[in-house]
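> following is a predicted model, sequence given first.
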Amino acid sequence: SQEVPKHRLDVKIGNAPDVAGWAGARRGVYLRDEIHSSRVRSVAVSVSVVWPSKATQVPNEEKVKFEQRLTLSCDADWVNAPERVLLHSGGKSFAILVDARHLERNRVHYSELISVPITVFRPILLPTDENSGEQRYKKTFNNLSMHAGVIRRQFVAVPDGATNAIVNIIG
């Protein structure tokens, strides 16, 4: 017979307090707007210990003695996290730093840290249209190959105050 696990770990992401409306989304880190990826972001990670139901209750003495050493690793050089965390029965919180400033634009960047997905979109910044008397922006995408069933995504930062966009496709 298999032994019933005595506990499991629950990982949550805290919202970034310095960005109004930032979607830290409790399950992962998701940065998609220019304001989110234009500087280093500190993100709170909370790891808590979830004990089993009363049917397989763990004695309080065992909970008090609980200690687990977590080794953290992330393959992305733009994510900075502590190497190790000592977890006790009350859980542990720590910060990770996400520095997306030097990531390639118009591309999705993805990594993970202890089952926490970290996704960053670096949008293209639109240049001002110099030939217009108004504040207009213009971006031309050359050599885009369009085929049926092929998805092409362009991540573009929406300029402040923009209310509409005109898209011309010439083929």
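Now that the structure is in, tell me what you want to look at.
> enumerate every residue touching residue 156.
Contact analysis of residue 156 by C-beta atoms under 8 Å, 6 or more residues apart in numbering lists 123-124, 126, 139. For every residue, glycine as well, the C-beta is placed using N, CA and C.
> give me the buried subset of those.
123, 126 (16 or more other C-beta atoms under 10 Å).
> how about the contacts of residue 156, which pair is most distant?
The most widely separated members of the contacts of residue 156 are 123 and 139, with 11.0 Å between them, by C-beta to C-beta.
> backbone dihedrals for the nearest residue to residue 115 once chain neighbours are set aside, please?
The shortest distance from residue 115 to any non-neighbouring residue, by C-beta to C-beta, 6 or more residues apart in numbering, is to residue 11 (6.0 Å). Residue 11 adopts backbone torsions of phi -110, psi 130, taken as degrees, to the nearest 10.
> confirm for me that residue 11 is in contact with residue 43.
No: taking contacts as C-beta atoms under 8 Å, residue 11 lies outside contact range of residue 43: 12.0 Å.
> the more surrounded of those two?
Neighbour comparison, residue 11 and residue 43: the larger count goes to residue 43, with 23 against 16 (by other C-beta atoms under 10 Å).
> now the phi/psi pair for that one, please.
Here is the backbone geometry of residue 43 (degrees, to the nearest 10): phi -120, psi 130.
> report the central residue of the chain.
With distances taken as C-alpha atoms, centre = their mean, residue 29 lies nearest the centre of the chain, 2.3 Å away.
> against residue 74, how distant is that residue?
11 Å (C-beta to C-beta, to the nearest Å).
> so what sits against both of those two?
Common neighbours of residue 29 and residue 74, using C-beta under 8 Å, 6+ apart, are residue 118.
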